[in-house]
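# what's the 3D shape of this:
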Amino acid sequence: MKGELIPYKMLSQDAYSQGLGIEILECEIGRCKLGMKVRKEMLNSMNKAHGAITYGLADTAFGFTANTHGKYAVSIETSINHIEALELGDYITAEATLDLQKTKVGFNIVEVKRGNELVALFKGVVYRTSKDWEE
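Presented below is the predicted three-dimensional model:
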């Protein structure tokens, strides 16, 4: 399967990401850009987007990007820095800005933005298995 098509297959099988309303905006081998809108059910007790929302979007961008190389890739470590609070109705994007592959291990950085404003920074390490993505 062509690498840039793998994220579309992954999204079609990903109930969690579909439930968040995540959409693929751009995708090529080694880079995916996703977007979503903050909805009422995503707000925490302070009326801001729950941290899990930016994490979920960034983690999905990370996973999709890591898998564009054609092998099943699984997360082994992730972290996020929340920089700005998000409000109801905000449209956010997550884009893999670093995709470094070293044999079986890969490293990714994902920037989460509201427009041009950086709102979260995500780092992920992935293990690439020997299993190929198939049509």
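# which residues are in contact with stretch 87-94?
25, 33-40, 43, 47-49, 54, 57-58, 60-61, 86, 110-114, 119, 122 (C-beta atoms under 8 Å, 6 or more residues apart in numbering). All C-beta spots, glycine's among them, are computed from the backbone N, C-alpha and C.
# Neighbouring strands of the host helix or strand of residue 75 in the sheet, and parallel or not?
Here residue 75, judged by DSSP states H and E, is contained in strand 71-82. Its sheet considered, strand 71-82 pairs with strand 117-132 (antiparallel) by DSSP bridges.
# Would you mind pulling the contact partners of the strand it pairs with?
Taking C-beta under 8 Å, 6+ apart as the rule, strand 117-132 contacts 1, 54-55, 58-59, 61-63, 66, 69-84, 86, 92, 94, 101, 104-113.
# who's in contact with residue 19?
Residue 19 touches nothing, counting by C-beta under 8 Å, 6+ apart.
# secondary structure class for it?
helix (DSSP: H, G, I helix; E, B strand; the rest coil).
# Also residue 88?
Going by three-state DSSP: residue 88 is coil.
# host element of residue 34?
Using DSSP H and E, residue 34 falls within strand 31-37.
# Pull up the pairing partners for that strand, direction included.
Short version: by DSSP bridges, strand 31-37 pairs with strand 23-28 (antiparallel), strand 91-102 (antiparallel).
# What's the separation between the nearest residue to residue 14 once chain neighbours are set aside and residue 38?
Leaving aside its sequence neighbours, residue 14 sits nearest to residue 60 (C-beta to C-beta, 6 or more residues apart in numbering; 7.3 Å). From residue 60 across to residue 38, the span is 15 Å (C-beta to C-beta, to the nearest Å).
# Same check on residue 118?
Taking C-beta to C-beta, one finds residue 118 at 16 Å from residue 38.
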